[in-house]
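> quick one, fold the following:
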Amino acid sequence: MNKLACIILAAGEGTRMKSRYAKVAHLLAGKPIIRYVVEAARGLEPERIAVVIGHDAERVKTVAGDGVDFVEQREQRGTGHAVMQAQALFAGYEGDLLVLSGDVPLITVETLRKLCETHRKASAACTLLSAVMKDPSGYGRIIRRANGKLLKIVEEEDASLFEKAVEEINAGIYLFSAGHLFQAIEKLSPENRQQEFYLTDVVGIFVGEGKQVEAVQVDDARGVLGINDRDELARIEKILQQKIQKAHMLNGVTIVDPANTYIEATVSIGRDTIIHPFTVIEGEVRIGTDCRIGPFSHIRGVTVVEDGAEIGNFVEVKTSLIGGGTKAKHLSYIGDATIGREANIGAGTITANYDGTAKHKTVIGDRAFIGSGTTLVAPVKVGKGAITGAGSVVLKGRDVPDGSVVVGIPAAPLKKKQK
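As a prediction, this is how the structure comes out:
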């Protein structure tokens, strides 16, 4: 087995994002951009993953995930310079070294495996990913010899008009023989318009030395798209939404109108559940089987919706447990609540979970019936089979016993009329 390690370049400021935050820390379908790259790299089971950080370093450390090492590039002087900063971590390392850009979130483990297989089969010093784009603006160009062999990579800022017309781009993802890479890095020069040390120049050095260089052209250029500004962030979000929702649908979930539905990558949904339009599901949400969600529902936080439950029009659920068969179908807010099985949450129900200082919990028992327009001021508990009258306000600490009926403002036990 060939040894493998990984460097992820994530030090750049990302000025085109117009943000005080690091570009790779921005969220994409609920996860930081860099997390997708780390997870793809982790799928290859490398011995080590090193992330090169710089701008907004502490935030990037926080969002990159566990099991990675960090090295700082204090002065951003190009991709080659970034790899130089990581060289000390790999002193004495003999094996393959995968170099990834931290802003390419659609890269897949399958594509990276293909890169590794090609590299090892050819015994190459370097194998890189390329793609053909109708509009290659912003990317370095792959320049080939007449026989099709790779000659060099030219960054757009340094490209001639002829070179800018080339549609094959460098995806910024490479697999190197570590020994060859670190020898070549010592030969890099910042003599270019950007006055930076380009990692791409390593390819030209290898070609000049007669070393084997390979390029794997991806079938779908979308898989290597980078994010440089908010427009590109939105475009890739749309692509990712299509992938996320397609995966759910192939797993037995009905999404009535995918174009008008938003589901984050952290969400799981059981079979035969139906998601109606204009639904937003974000965070650590788990939805069971045979549920009915939407339209115009918002489910977020750490929420579990058990089998057969229904969350309907203009209902927001945040960090709650919704028991199997329970229905909350109209105009309600359910926050920090635990609701039992087969309960009915009437239209306009509000769990008033925030007292201005802290969040508090509401507990609703199995088969409870919460009347329309009820306000439950947490912390409070409504027992099994209990009923609240329409428009009731159940004050905090005034728990409703099992099987009882309360009405009014403030809610009090319903008194039977004397005969």
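
> pretty sure F70 is touching V51, no?
Yes. Using C-beta atoms under 8 Å, F70 makes contact with V51 at a distance of 5.3 Å. (Each C-beta comes from the backbone N, C-alpha and C, glycine too.)

> next SSE after the longest strand along the chain?
Longest strand in the chain, counting residues (DSSP state E): strand 168-177. Downstream of strand 168-177, the next assigned helix or strand under DSSP states H and E is helix 178-185.

> next, the angle strand 168-177 makes with that next one.
Helix 178-185 runs at 120 degrees relative to strand 168-177, counting by axes from the mean of the first three to the mean of the last three C-alpha atoms, to 10 degrees.

> what's helix 178-185 packed up against?
Under the contact definition 3 or more C-beta pairs under 8 Å, 6 or more residues apart in numbering; DSSP states H and E, helix 178-185 sits against helix 79-86, strand 96-101, helix 201-208.

> so can I have TSV of the ones you listed showing mean neighbour count and distance to A221?
TSV is the format used below for the helices and strands packed on helix 178-185 (neighbours: other C-beta atoms under 10 Å; distance: least, C-beta to C-beta, whole Å):
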stretch	mean neighbour count	distance to A221
helix 79-86	23	20
strand 96-101	24	15
helix 201-208	22	20
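
> would a markdown table of those with mean pLDDT and distance to V393 be doable?
As requested, those are exported to a markdown table (pLDDT from 0 to 100; distance: least, C-beta to C-beta, whole Å):
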| stretch | mean pLDDT | distance to V393 |
| --- | --- | --- |
| helix 79-86 | 94 | 59 |
| strand 96-101 | 97 | 55 |
| helix 201-208 | 92 | 70 |
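
> of all those, which one is nearest T261?
Shortest distance between T261 and these, using C-beta to C-beta, is found for strand 96-101: 29.7 Å.

> how about L240: what's its closest non-neighbour residue?
A29 (4.9 Å; C-beta to C-beta, 6 or more residues apart in numbering).

> outside of stretch 256-265, which residues touch it?
For stretch 256-265, the external contacting residues (C-beta atoms under 8 Å, 6 or more residues apart in numbering) are 29-31, 240-242, 244-246, 248-249, 255, 269, 274-283, 285, 294.

> picking that back up, any chance of the helices and strands packed on helix 178-185 in a markdown table with distance to G140 as columns?
Converted to a markdown table, these look like this (distance: least, C-beta to C-beta, whole Å):
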| stretch | distance to G140 |
| --- | --- |
| helix 79-86 | 10 |
| strand 96-101 | 12 |
| helix 201-208 | 10 |
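
> I'd like the next helix or strand past the longest helix along the chain.
Secondary structure of the chain per DSSP state H: the longest helix is helix 230-250. As assigned by DSSP H and E, the chain's next helix or strand after helix 230-250 is strand 254-255.

> parallel or antiparallel, list what pairs with that following strand.
strand 274-275 (parallel) (DSSP bridges).

> domain map for the protein?
Per the record, the chain has its domains at 4-224, 230-413, by automatic domain parsing.

> which parts of the chain are helices?
In the chain, helices defined by DSSP H lie at 33-42, 57-63, 79-86, 109-122, 161-164, 178-185, 201-208, 230-250, listed in chain order.

> including distance to N2, could these go into CSV?
Listed next are the helices of the chain as CSV, based on distance: least, C-beta to C-beta, whole Å:
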stretch, distance to N2
helix 33-42, 15
helix 57-63, 29
helix 79-86, 19
helix 109-122, 6
helix 161-164, 34
helix 178-185, 11
helix 201-208, 19
helix 230-250, 30
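
> which stretch among the ones you listed comes nearest S137?
helix 161-164 (8.4 Å).

> mind saving the C-alpha coords of that closest one as PDB?
C-alpha atoms of helix 161-164 as PDB (Å, rounded to 0.1, in the frame of the first residue of the first chain):
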ATOM      1  CA  LEU A 161      -4.100  36.000 -25.100                       C
ATOM      2  CA  PHE A 162      -3.500  32.600 -26.800                       C
ATOM      3  CA  GLU A 163      -3.100  30.900 -23.400                       C
ATOM      4  CA  LYS A 164      -6.300  32.600 -22.000                       C
END
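
> how about it: buried residues?
Under the neighbour-count criterion of 16 or more other C-beta atoms under 10 Å, helix 161-164 has E163 buried.

> packing partners for it?
Contacts defined by 3+ C-beta pairs under 8 Å, 6+ apart place helix 161-164 against strand 141-144.

> any idea how far the strand it packs on is from the chain center?
Chain-centre distance of strand 141-144: 32 Å, with C-alpha atoms, centre = their mean, to the nearest Å.

> try stretch 59-74
Stretch 59-74 has its C-alpha centroid displaced from the chain centroid by 16 Å (C-alpha atoms, centre = their mean).

> export it as CSV, just CAs?
The C-alpha trace of stretch 59-74 is given here as CSV (Å, rounded to 0.1, in the frame of the first residue of the first chain):
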residue,chain,number,x,y,z
ARG,A,59,-12.1,30.6,13.1
VAL,A,60,-10.7,28.2,10.5
LYS,A,61,-9.3,26.0,13.3
THR,A,62,-12.7,25.8,14.9
VAL,A,63,-14.7,24.9,11.8
ALA,A,64,-12.2,22.6,10.0
GLY,A,65,-13.2,19.6,12.2
ASP,A,66,-11.3,17.1,14.3
GLY,A,67,-8.3,15.0,13.4
VAL,A,68,-6.3,17.6,11.5
ASP,A,69,-3.1,19.5,12.1
PHE,A,70,-2.6,23.2,11.5
VAL,A,71,0.3,25.2,10.2
GLU,A,72,0.3,29.0,9.8
GLN,A,73,1.2,30.9,6.7
ARG,A,74,1.6,34.4,8.3
